[in-house]
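K.L.:
I need the structure of the sequence given here:
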Amino acid sequence: MKNSDKNISRERLESLLAAMQGRRILVFGDVMIDCFVRGVVERISPEAPVPVVSVRRRDSLPGGAANVVRNLLALEALPEIVALVGDDHYGRLLRQELEESGCGTRGLVADAERETSVKTRVIAHRQQVVRFDRETILPFSTEIKAQLQQEIIKALDGVDGVIISDYGKGVVEKELFDLLVSETRRRNLFLALDPKVANYDIYHDVDLVTPNAAEAGQACGFVVNDESLLAAGAKIKERFRSRSVVITRGEEGMAIFPKKRPPLLLPTQAREVFDVTGAGDTVISVLTLAASMAGVTLEEAAQVANLAAGVVVGKTGTAAAGAREITAYYKRLQ
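P.N.:
Numbering: from 1, shown residues only. Down below sits the predicted model:
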């Protein structure tokens, strides 16, 4: 594979970012609350050989598929979300935070049998000390499934593209996935998938799939490295019947496999990496906004996504990148 030898111009970048404003994207998948407990470590506990974190601040942010929504909003798109929450404090908090941010929430279905997923990260001196999760991963009832199906059909009216954000919490299952595939094909809508290993057997017929290197390896059955990238891209396209593939490779950038064009490598645009939490959400948000527009190549979309990822990994916590930040970051790299 060869490196991309044509960098996106500043004028093209600004044009694409401006065109993203107002585009309507449906996000379907697993939502959660990301809690961050931040502090400093000044001593080791006398009770056990563990650090004692003196808490300075606590933050709660929409996470998982809801972080995809945050990234879309940061680019002034108009997202809708269909997802499942618990009928509990965190479910109501998530709904409130999304409403206040400007996202439509009629597609959030509350299930009294579930607990809203919450990931709590303890961070000291910009390093994650520990994470603990609260969640329910159980099949949902036929009544809840019917509600989700209805909300998907309603939300598809008037959108420009769809993102399936699978975090393996049980919301993305075969019947709902098949419904999204059939409806997006019927309506000629762009469909992107951020996959999770547990659901590989249900995926099919998407426009774009965005595994990281580890997920790509699990899909292919071999380690994905420089020597096996070409084979990995071809294997994933075949297995998921995906028109295109982007494999995110952390500090090594991205490998892009467009439809009917040669694959390319994009080196990372990250100058500093403080936290990779949610970087995949940023990538699929930007890729979908750009690639779903007429006349935009996957290479161009990936270059914009690469810049956006460079912005968010330089922040701590679940983050998003706005158009001004991406443009300013581009200028600093020149």
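K.L.:
buried sites along stretch 185-194?
P.N.:
If you call a residue buried by 16 or more other CB atoms under 10 Å, then stretch 185-194 has these buried ones: 189-194. For every residue, glycine as well, the C-beta is placed using N, CA and C.
K.L.:
Ends of that stretch, what's the gap?
P.N.:
Taking CA to CA, to the nearest Å, stretch 185-194 runs 18 Å from one end to the other.
K.L.:
sorry, back to before: which one of the buried residues of stretch 185-194 sits closest to L84?
P.N.:
The closest of the buried residues of stretch 185-194 to L84 turns out to be D194 (CB to CB; 17.0 Å).
K.L.:
Test my guess that the closest one contacts S165.
P.N.:
Yes. At 5.0 Å, D194 counts as touching S165 under the criterion of CB atoms under 8 Å.
K.L.:
shared neighbours, these two?
P.N.:
29, 68, 281, 284 (CB atoms under 8 Å, 6 or more residues apart in numbering).
K.L.:
which neighbours does the helix or strand encompassing A192 have in its sheet, and in what orientation?
P.N.:
Using DSSP states H and E, the element containing A192 is strand 190-194. When pairing is defined by DSSP bridges, strand 190-194 lines up against strand 161-165 (parallel), strand 208-209 (parallel).
K.L.:
Dump those into a markdown table; add distance to G102, mean neighbour count and mean pLDDT as well.
P.N.:
Shown next, in a markdown table, are these (distance: least, CB to CB, whole Å; neighbours: other CB atoms under 10 Å; pLDDT from 0 to 100):
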| stretch | distance to G102 | mean neighbour count | mean pLDDT |
| --- | --- | --- | --- |
| strand 161-165 | 17 | 28 | 98 |
| strand 208-209 | 25 | 28 | 97 |
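K.L.:
how about these in CSV, adding distance to A216?
P.N.:
Shown next, in CSV, are those (distance: least, CB to CB, whole Å):
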stretch, distance to A216
strand 161-165, 17
strand 208-209, 9
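K.L.:
so which of those strands comes closest to E99?
P.N.:
Per CB to CB, nearest to E99 of these: strand 161-165, 19.0 Å.
K.L.:
With just CA atoms, put the closest one into CSV.
P.N.:
The C-alpha trace of strand 161-165 is given here as CSV (Å, rounded to 0.1, in the frame of the first residue of the first chain):
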residue,chain,number,x,y,z
GLY,A,161,-27.1,9.4,6.2
VAL,A,162,-27.1,6.8,9.0
ILE,A,163,-24.5,5.8,11.5
ILE,A,164,-24.7,2.5,13.4
SER,A,165,-22.6,2.9,16.6
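K.L.:
about what we covered before: not counting its own residues, what contacts the strand holding A192?
P.N.:
The contact list for strand 190-194, computed with CB under 8 Å, 6+ apart, reads 29, 68, 160-166, 180-181, 184, 203, 206-210, 240, 242, 280-281, 284, 287-288, 291-292.
K.L.:
again, but for stretch 100-107
P.N.:
By CB under 8 Å, 6+ apart, stretch 100-107 touches 62, 69-70, 73, 79-83, 95, 98-99, 151-152, 154-155.
K.L.:
For that stretch, which residues meet the burial criterion?
P.N.:
Neighbour-count burial for stretch 100-107 [16+ other CB under 10 Å]: 103-105, 107.
K.L.:
With secondary structure, pLDDT and distance to L230 as extra columns, can I get these in JSON lines?
P.N.:
Listed next are those as JSON lines, based on DSSP: H, G, I helix; E, B strand; the rest coil; pLDDT from 0 to 100; distance: CB to CB, whole Å:
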{"residue": "C103", "secondary structure": "coil", "pLDDT": "90", "distance to L230": "39"}
{"residue": "G104", "secondary structure": "strand", "pLDDT": "84", "distance to L230": "41"}
{"residue": "T105", "secondary structure": "strand", "pLDDT": "89", "distance to L230": "42"}
{"residue": "G107", "secondary structure": "strand", "pLDDT": "96", "distance to L230": "39"}
